[in-house]
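>>> structure for the following, please:
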Amino acid sequence: MDKKRILSFIIAFIVIAIIAVVVVVIINNKGETVNYKETQFEVGDYKVELKSKEAGHSESGYKFVASYRKTYEFENYNLDFGTRVLVNAKNESVYNTYSDYDSLNEVGIFNKRFKYKAENKKVKLLYKYDDNFYIEIDLKDSSDYLNKDGSLLKTTSNVEDYNFFEKATQDSEFRNFLSINISKK
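Here you go, the predicted structure:
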């Protein structure tokens, strides 16, 4: 074989290999979500490690999203307690977004002391690591009251005495649902 033919075969092989790699990448990235209980990510000069009791995934706008569910049984109904935990990290001062940070109430959850803002079905947890970095976690209630047969009795938004954040902070399993470790690179 002459040199031109060998060179043509090498170039053809390289082109075929590149096409094969591209096809594999496209097939593996068709929007499928990868679930995991442990993850780590970097934001600026900071490294965050998360460990969750349930598998979670990344989601647009968040570094980690997981769901927690637990059924509380009562005499005539069940409470299907559910919470979405959406984690983000910001490489900036918490005061840029939350000027009232210092005056917010505090709660111990997920192995940290968080400041929080609670609304009816949502809670925003804020953990200031230092002046240039903080963790922001959204807790979103997805709980319902169910009949014993599993059918919907009423949503928790229709029950006046239901306090989502109180229920979440009283549930010891949920308080330990997520472990967060932060370090500076």
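
>>> wait, V43 sits on Y129?
No. Taking contacts as C-beta atoms under 8 Å, V43 lies outside contact range of Y129: 10.4 Å. Every residue, glycine included, has its C-beta placed from N, CA and C.

>>> now do the same contact list for S93.
Shown in contact with S93 (C-beta atoms under 8 Å, 6 or more residues apart in numbering): D131, N132, Y134.

>>> narrow those residues to those in helices?
Counting by DSSP state H, no part of these is found in helices.

>>> how about CSV for those, with neighbour count, distance to N176 and pLDDT added?
Converted to CSV, those look like this (neighbours: other C-beta atoms under 10 Å; distance: C-beta to C-beta, whole Å; pLDDT from 0 to 100):
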residue, neighbour count, distance to N176, pLDDT
D131, 10, 28, 92
N132, 15, 28, 93
Y134, 26, 21, 96
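
>>> relative to L104, which of those residues is nearest.
Here the nearest of those to L104, counting by C-beta to C-beta, is Y134; it sits at 12.3 Å.

>>> helix/strand/coil for N120?
Of the three states, N120 takes coil under DSSP: H, G, I helix; E, B strand; the rest coil.

>>> which stretches of this structure form helices?
3-28, 164-170, 172-175.

>>> among those helices, which is the most enclosed?
Of all the helices of the chain, helix 164-170 carries the top mean neighbour count, a mean of 18, counting by mean count of other C-beta atoms under 10 Å.

>>> just checking, what packs against that helix?
Secondary-structure packing of helix 164-170 (3 or more C-beta pairs under 8 Å, 6 or more residues apart in numbering; DSSP states H and E): strand 77-90, strand 105-109, strand 112-118, strand 122-130, strand 133-141, helix 172-175.

>>> got those as TSV, with distance to N181 columns?
Formatted as TSV, the helices and strands packed on helix 164-170 follow (distance: least, C-beta to C-beta, whole Å):
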stretch	distance to N181
strand 77-90	12
strand 105-109	15
strand 112-118	10
strand 122-130	10
strand 133-141	11
helix 172-175	17
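
>>> and of those, who's closest to K53?
Of these, nearest to K53 by C-beta to C-beta is helix 172-175, at 7.4 Å.

>>> and of the contacts of S93, the nearest to A17?
Distances from A17 to those, taken by C-beta to C-beta, are shortest for N132, at 44.0 Å.

>>> ok, that closest one touching V94?
No. N132 is not in contact with V94 according to C-beta under 8 Å; the separation is 9.5 Å.

>>> what's around K184, how many residues?
When neighbours are defined as other C-beta atoms under 10 Å, K184 has 11 of them.
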